[in-house]
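Asker: Everything below, folded, please.
(one chain, ligands or ions: 1)
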Amino acid sequence: MAIAIGRHPQDQALSAVRSPAAFDAAVAAVPLLAGFVRPDVTEPVSAVHVMAGIRATFRRMAPQGRPLFHGLIPIGDALATTNPAYGRGLALALTHAEVVTEALGHVGATRTSAAPELAARVLPRLDALTFPVWYDAYRHDGMRIDQWRRTLGLPEVARSESRPWLPLSLAAAGARVDAQVFIRMLRAMQLLDRPDQFFGDLDLIDQLPGMVGAPMPLPTRSDLVAAVEGDPLQAVG
Ligand SMILES: Cc1cc2nc3c(=O)[nH]c(=O)nc-3n(C[C@H](O)[C@H](O)[C@H](O)COP(=O)(O)OP(=O)(O)OC[C@H]3O[C@@H](n4cnc5c(N)ncnc54)[C@H](O)[C@@H]3O)c2cc1C
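Answerer: You can find the predicted model right below:
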């Protein structure tokens, strides 16, 4: 198994989790995860790896359904990248490939003169498939970034988004108490349903706060910083 810890880039104190001992201490401070770093239960098989420069990108190629160009069809990460923590990149890339191969079957792979027809068939479809997935990741990432910034006392980022979106933490709390919410969340996360069918469901956004029970015990940032600073290697410098 693998455990990932995310932090705001300006949260210098928590950057110490790059050290294996500090990483384990931070994980052990989270009651839900602590068991995974007990030496009698698990044994680390790698160093702590750092993932930086994670960007959400989407290159819209057919605004209002009109292809901007032909002769080139970006798919997979070349078309859009989302947060790897959501684990959607492979599914999205394979779906893109399926759209292209289906269209090639109709249009003919070898005729260069077919490029405009191919673009007209493929680019709007890729846009329509990809935008909801990218947008969902963008909204969740935005909410998490704002939460991190509030914790650090930084001003929130100004955003023009007004459409209500179900925060992941609330969705997860609902999934713990309601089997239907659990299944719907999994289907949306795994792209069996379009993410907005769950995270943009206005009735659910209204009802969920009343359905969830007491919040799970979670450490505060100060708890994590204290755990990380307790790492003897960090203390040495
Ligand atoms: C750390 C991390 C964890 C991830 N975890 C998950 C996960 O759990 N689940 C999930 O679904 N997705 C995950 N993703 C996302 C997923 O890996 C990508 O969305 C997916 O690999 C995209 O496929 P792709 O074919 O578009 O690009 P890539 O897999 O990047 O393939 C592009 C290939 O092109 C090659 N290449 C580049 N330039 C050239 C050139 N000039 N000539 C020839 N070859 C070239 C590259 O070497 C590479 O092999 C993760 C991504 C990262 C970075």
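Asker: When you work out contacts or count neighbours from here on, use the C-alpha atoms and nothing else.
Answerer: Fine.
Asker: Please look at Arg60 and Ala128 and confirm they touch.
Answerer: No: with contacts counted by CA atoms under 8 Å, Arg60 stays clear of Ala128, the gap being 9.4 Å.
Asker: Looking at those two, which one has more neighbours?
Answerer: The neighbour comparison of Arg60 against Ala128 (other CA atoms under 10 Å) goes to Arg60, with 18 against 14.
Asker: Once you drop chain neighbours, what's closest to the more buried one?
Answerer: Among residues not flanking Arg60 along the chain, Asp127 sits closest, at 6.1 Å (CA to CA, 6 or more residues apart in numbering).
Asker: tell me the phi and psi of the one you found?
Answerer: phi -60, psi -50 (degrees, to the nearest 10).
Asker: According to the record, where do the domains of the chain fall?
Answerer: With domains defined by automatic domain parsing, the chain comprises 1-52, 58-150, 163-211.
Asker: Residue numbers of the protein in contact with the ligand?
Answerer: 76-78, 84, 87-91, 93 (CA under 6 Å from any ligand atom).
Asker: What is the least confident helix or strand in this protein?
Answerer: helix 232-236 (a mean of 48; mean pLDDT, DSSP states H and E).
Asker: Can you report how many residues neighbour Leu202?
Answerer: 15.
Asker: So it sits against Pro164, correct?
Answerer: Yes: the criterion here is CA under 8 Å, and Leu202 meets it with Pro164 at 7.2 Å.
Asker: what residues are up against Ala114?
Answerer: 107-108 (CA atoms under 8 Å, 6 or more residues apart in numbering).
Asker: Angles on the backbone of it, please.
Answerer: Dihedral angles for Ala114 - degrees, to the nearest 10 - are phi -80, psi -10.
Asker: mind checking how far it is from Gly105?
Answerer: Noted for Ala114: a distance of 12 Å to Gly105, by CA to CA, to the nearest Å.
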